[in-house]
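Q: A structural model of the following input is requested.
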Amino acid sequence: MKIVFVVPDMVGGGTERIVSLLANEYVKRGIDTSVLIFAGNTVEYPLDPRVEVVIAGGPSGGNLGIRLKRIKFMRQYYRKNKDCAIFAFSVMGAVFSSIATIGQRHWTLVSERSNPDEYDHKRIRDFFYRRADKVVLQTYDVLKSFDRKIQAKAVVIPNPIDPTLPPVYTGVRQKKICCAARLEPGKDHKTMLRAFHAFRKDFPEYTLEIYGKGSLERELKAMAKELGIDEKVHFHGFCPTVREEIRDHAMYILSSKFEGISNALIETMSMGMPVIATDCPVGGTRMCIRDHVNGIMVPVENPNALAEAMKELASNEELARKIARNAAKLRERFSIEKIAGQFLDCMEENR
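A: Numbering: from 1, shown residues only. Coordinates of the predicted model:
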């Protein structure tokens, strides 16, 4: 058996992190594994040397000729590896793989990694999803977005936790609030900045540490300056050691407008950090957090509610310790061994 993960690129994003974790786990188990990159040539997450990296072409820019060459390359690769199973971790990965394997037979799994209601070409996506043998979704809320044919072959599997995650932190916490997310509209850093502005009126000694890069960096820095909090808000960009940097911070904030299961959220919880997260579509937060038990949930785009939750954690050490202690239990629930096994179970059911 060979497993081929299909992704656009292996840049620093949540999907790419999950692919790297699963690929490394499978070669550890002695399973022949490759990562086929069809629209880039970057690998930012560590891969075991035994994982084969296959580059099917760079970005196409919408160029039909480049896309056809890409499909031809993928077809030849799949024919050469005629017994491989395809794990497509993107919509276009599913589309290209389906076209490339016309006349061939490969067991195919498609993993939906975003909010399906936000996708612009649902009919095209759903057509190719129906051709897959299995569709993996991150939450039960996502299941409602698809028709009965897709639901019939769908299974919900959460994201795994990186086994190299730093141990649970139990020491004195710094007066720092952190966030690790791409600086893009869907992550809604603007709500977080407004909340931090309100929070600082009562807790001026805290700083806000923001990790990640993206198209809104300049705009967010300007907003922090406009709010008069720029000296207390630090932008660190993409940081490969972010987990080690933030593990002793006071709390973690997820302010997203929509999210599957946030890797940063579950990893931060597993390190025993108090977290506050928006109860956003598509239900990933609700799968992880029991409000005021192992985290605090707040409404989407509500800076006042977020500020009040931040004040609650900062002023109630007993609550913060309880939340942190319970959050750490997520490490076992979402272990890479369990999640990788669930993906393999999907294959065993149908082969």
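
Q: helices along the stretch 251-351 of the chain, start to end?
A: 263-270, 284-288, 303-315, 317-327, 330-333, 336-350 (DSSP state H, counting those that start in this stretch).

Q: these two touch, right, Q104 and Y77?
A: No. With contacts counted by CB atoms under 8 Å, Q104 stays clear of Y77, the gap being 11.0 Å. Every residue, glycine included, has its C-beta placed from N, CA and C.

Q: who has more neighbours out of those two?
A: Y77 (16 against 10; other CB atoms under 10 Å).

Q: give me the contacts around stretch 40-53.
A: With CB atoms under 8 Å, 6 or more residues apart in numbering as the test, stretch 40-53 has contacts from 8-12, 16-17, 19-20, 23-24, 27-28, 33-35, 37, 55, 58-59, 240.

Q: pLDDT score assigned to H234?
A: pLDDT, H234: 98.

Q: low-confidence ranges in this structure?
A: Within the chain, the stretches with pLDDT under 70 are 350-351.

Q: repeat that with 80
A: For the chain, applying pLDDT under 80 flags the ranges 12-13, 58, 114, 260, 349-351.

Q: who does the helix ranked longest in it touch, helix- and strand-wise?
A: Using DSSP state H, we find that the single longest helix of the chain is helix 64-80. Applying 3 or more CB pairs under 8 Å, 6 or more residues apart in numbering; DSSP states H and E, one finds that helix 64-80 contacts helix 91-100.

Q: so the residue of the chain most remote from its centre, which of the three states?
A: Residue farthest from the centre of the chain, counting by CA atoms, centre = their mean, is G103 at 33.5 Å. Here G103 is recorded as coil under DSSP: H, G, I helix; E, B strand; the rest coil.

Q: so how far is F96 from it?
A: G103 is 15 Å from F96, where distance means CB to CB, to the nearest Å.

Q: show me what contacts the nearest residue to A314 once chain neighbours are set aside?
A: Distance criterion CB to CB, 6 or more residues apart in numbering; nearest residue to A314, sequence neighbours excluded, is F203 at 5.1 Å. Residues near F203 by CB under 8 Å, 6+ apart: K175, M310, K311, A314.

Q: am I right that E112 is in contact with Q138?
A: Yes. Using CB under 8 Å, E112 makes contact with Q138 at a distance of 7.1 Å.

Q: what's the overlap in contacts for the two?
A: In contact with both E112 and Q138: G260, using CB under 8 Å, 6+ apart.

Q: find the centremost residue of the chain, please.
A: Most central in the chain (CA atoms, centre = their mean) works out to G14, at 3.2 Å.

Q: follow-up on the earlier one: distance of the residue farthest from the centre of the chain from R79?
A: 9 Å.
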